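>>> below is the sequence, then the predicted model.
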Amino acid sequence: MFDAFRKKFDRTPPGAEERVPPGQYVTEKFPVLHYGDVPNYANLEQTWDFRVFGDITEPKTFSYSEFRSLPTVTVENIDIHCVTRWSKLGTRWTGIRFSEFLKHIPALKPAAAYVLAHSEGGYTANLPLETMMDDDVLLAYKFEDAELAPEHGYPLRLFVPKKYFWKSAKWLRAIEFMSSDRLGFWERYGYNNHADPWLEERYAE
């Protein structure tokens, strides 16, 4: 059944087949999938901030303008993969590289080995700190050179393209550093904790 669906709807460019993980089909659209309602922000400088806390020498909070003044990078030709089986190839994202972000916060405690992303509405996503240090992991606020659309995470989302896209939490508000792993929202509901698209780690065993 999936093979028939893929044959009808797949938009994989010729020669790009090796970029598509098993069980995925390529779309030119950017489907919208999320838990909860889309937040409505007004006057971000007064109503939005970004926190870091947990296994860190002291917590820190950024205002909107402080956060947006941090060094920015753009990553290009990045493929993303959703657990619902769509993939989108060759995307372009702008934000703060996570490894760079660590230079602008108090030092982590030696035990820090995991992060938990906290988003609006109580959504969370967990990842190893080692994974977060990849060069393509961003605290992202632009997609294809435009501010994120509200349904795609405006004003900030996590971007971790090597994992299924539920790990790239939308409407990001805080990062918690942890010495031990703690399951995020979808992981508690049976999704695989590792979320590697190439291994089809969709659901917990």
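That came through fine. Note that the structure is a prediction, hence the values are computed from the model and not measured.
>>> so where do the helices sit in the chain?
2-9, 44-47, 64-68, 98-101, 129-132, 185-188 (DSSP state H).
>>> residue nearest the centroid of this structure?
Central residue of the chain (CA atoms, centre = their mean): residue 168, 1.7 Å from the mean position.
>>> so that one makes contact with residue 162?
No. The criterion here is CB atoms under 8 Å, and residue 168 misses it with residue 162 at 10.2 Å. Yep, even glycine has a C-beta here, placed from its N, CA and C like the rest.
>>> rewinding a little: for residue 33, find the nearest of the helices of the chain.
helix 185-188 (10.9 Å; CB to CB).
>>> could the helices of the chain be laid out in CSV, adding mean pLDDT and distance to residue 85?
Output for those, formatted as CSV (pLDDT from 0 to 100; distance: least, CB to CB, whole Å):
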stretch, mean pLDDT, distance to residue 85
helix 2-9, 50, 7
helix 44-47, 94, 34
helix 64-68, 97, 34
helix 98-101, 98, 27
helix 129-132, 98, 22
helix 185-188, 94, 15
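>>> same list (these) but as JSON lines, adding distance to residue 155 and mean neighbour count.
Listed next are these as JSON lines, based on distance: least, CB to CB, whole Å; neighbours: other CB atoms under 10 Å:
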{"stretch": "helix 2-9", "distance to residue 155": "32", "mean neighbour count": "10"}
{"stretch": "helix 44-47", "distance to residue 155": "6", "mean neighbour count": "11"}
{"stretch": "helix 64-68", "distance to residue 155": "7", "mean neighbour count": "16"}
{"stretch": "helix 98-101", "distance to residue 155": "16", "mean neighbour count": "18"}
{"stretch": "helix 129-132", "distance to residue 155": "20", "mean neighbour count": "15"}
{"stretch": "helix 185-188", "distance to residue 155": "20", "mean neighbour count": "18"}
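>>> could you dump the ones you listed into TSV with distance to residue 76 added?
Listed next are the helices of the chain as TSV, based on distance: least, CB to CB, whole Å:
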stretch	distance to residue 76
helix 2-9	25
helix 44-47	26
helix 64-68	21
helix 98-101	17
helix 129-132	20
helix 185-188	28
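>>> looking at these, which is closest to residue 113?
Per CB to CB, nearest to residue 113 of the helices of the chain: helix 129-132, 5.4 Å.
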